[in-house]
Structures are given as structure tokens and as C-alpha cells.
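>>> build me a model from this:
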Amino acid sequence: MQSDLADTVHDLLQTVLDIFYPLRCGGCGGHGSALCRDCIGSFRIVDEASSCPVCGRWIGKSIVCGGCLEEAGGFRKGHYGFYFEGRLRSAIHAFKFSGRKDIGRSMVWLSREKILSFAETFDWIVPIPVTEKRLKERGFNQSFIIAEEIGKITGKEIKHSILLKKKDTLDQYSLTREERQKNVRGIFAVRDRDRVEGKRVLLVDDLYTTGYTAREAARTLLRSRAGEVHFFALARTPS
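From the prediction side, this is the model:
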């Protein structure tokens, strides 16, 4: 009897909370905000002073790592918000797969100072695109949301359709290094090549894992005579 009463009280309390505090934290599921203070405090920031200036891998100082030296070409410099782990991982998943655009926007603004620190290095913001099929399945492209917030922070122009993705790819996690490279080869195309010439571009994505997708997108822009390509991701996998 007491158990039934406790369950009833819990259900009533949950209903009240859902009415007055509809937002749930993307990191822990708590009520009240897109990201709570505890979750924000747990996010581990990628420190550029001790990381590879291209891929963001921690190496103790700011020098290009061996992996990036081997993978020459692509974007010149990379900037990363946080490490993809713990509660931030849950928040990214909520943003990407549950349509929580508010969480994505909040994470961009948490990186505001870092974004402003390199705002003068680019002219255009270009989100990594998805195919029309994937866009219909998910309802939105998370990279577009990130690009829009960066545009608000920096005042720079966003080019949503300058870069196109021609076909869907397999999940990079499941592939070998050689398969990953082949998986993304030739998947992007540039619209209005003449307009790209000489432009400094900031490529934007939600997550950096292997880097092959970002590099292929950058190479596609450079083949269209973009002046320079930098890259920003909300998070990268831990080293």
C-alpha cells in the first residue's frame, strides 16, 4: 500500500515537473535546462596549447602530430570544443539523434570565446553536408545548426549549399583505415566553384572521429581553389 502511494506521488511530481520544467538536460536528463551546471562542469575542454593544431589530439604541446604529418593535405588548422566522453557524449547524442537543437546551440555558445579567438581567419562558414535521404530521415543537419550559431557569434556569412554530399557512407567506426579512406573518397562536390576561389572557409561539424570526412571535404574545397580551409567541431574523440 505504501509502495503504491509512493509511486502515485512520484508520478504526480513527475507530471508537475514536466509541465513547469519541460526542458531536460542533454547530459543527465535532469529538469530545467538544455544543459545543467553539473554537466557543463564535467565537460573536458580541448586545450589547444597542448594539442595538435590540426586534429586536436593531446600531445603535451602545440605541434603537428605524426598522424597529421602522414595525412598531409586537407584543412590547415582544426579547433575543437570538448572531448567526446561522459555527459558530453550523451548531450551530443541528444542533439544529433533526438532533435534537441537547443542542446547543440548551447554547446556552441559554451565555445564562444574559442570561436572568437580565430574568427578573423575565415570569410565563410560551411557546414559538412548530409545527403537528401539522411536529411529527410533525421529532419535536420546538426552541422547547419552549429554553423548558424557560429554565424551569430562572429557575424560571418554562412554558405549552406556551397558543399554537397553526393552519396551516403558507411559508419567509419566499423571500418579499417584503408576502408575509411575509400568510404569518403569523392563523396563531396562544390556548387558555384567560381565563387569559392580565394575564399577562406571554416568547415563545421558536430564530431571529429577519424578525420577522413573533414579532410575529404577540405580537399574538395581546395580543388575548387578555396584560399584556405580551417575546421571546427563541437567535440572530438579522446586521444
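>>> once you drop chain neighbours, what's closest to residue 214?
residue 231 (5.2 Å; CB to CB, 6 or more residues apart in numbering). All C-beta atoms are positioned from the backbone trio N, CA, C, and that covers glycine.
>>> what do you get for residue 209?
Once flanking residues are discounted, residue 209 sits nearest to residue 237: 5.3 Å by CB to CB, 6+ apart.
>>> is it true that the one you found touches residue 208?
Yes - shown here, residue 237 and residue 208 form a contact pair, counting by CB atoms under 8 Å, at 7.1 Å.
>>> those two: which is more packed in?
Taking other CB atoms under 10 Å, residue 237 and residue 208 do not tie; residue 208 has more neighbours (24 against 17).
>>> pick out the residue nearest the middle of this structure.
For the chain, the residue nearest the mean C-alpha position is residue 206 (1.2 Å; CA atoms, centre = their mean).
>>> quick revisit: gap between the residue nearest to residue 209 and residue 142?
Per CB to CB, to the nearest Å, residue 237 is found 17 Å from residue 142.
>>> counting neighbours, what do you get for residue 159?
Residue 159 has 19 neighbours, counted by other CB under 10 Å.
>>> local confidence estimate at it?
Looking at residue 159, its pLDDT stands at 94.
>>> quick check: the closest residue to residue 24 other than its chain neighbours vs residue 219, distance?
Counting by CB to CB, 6+ apart, residue 24 lies nearest to residue 31, which is 6.0 Å off, once chain neighbours are set aside. For residue 31, the distance to residue 219 (CB to CB) stands at 45 Å.
>>> who has more neighbours out of these two?
Applying other CB under 10 Å to residue 31 and residue 219 shows that residue 219 carries more neighbours, namely 17 against 14.
>>> before we move on, back to that, next, the residue nearest to residue 214: secondary structure please.
What DSSP: H, G, I helix; E, B strand; the rest coil gives for residue 231 is strand.
>>> I figured it hits residue 56, correct?
No - counting by CB under 8 Å, residue 231 sits too far from residue 56 to count as a contact (9.3 Å).
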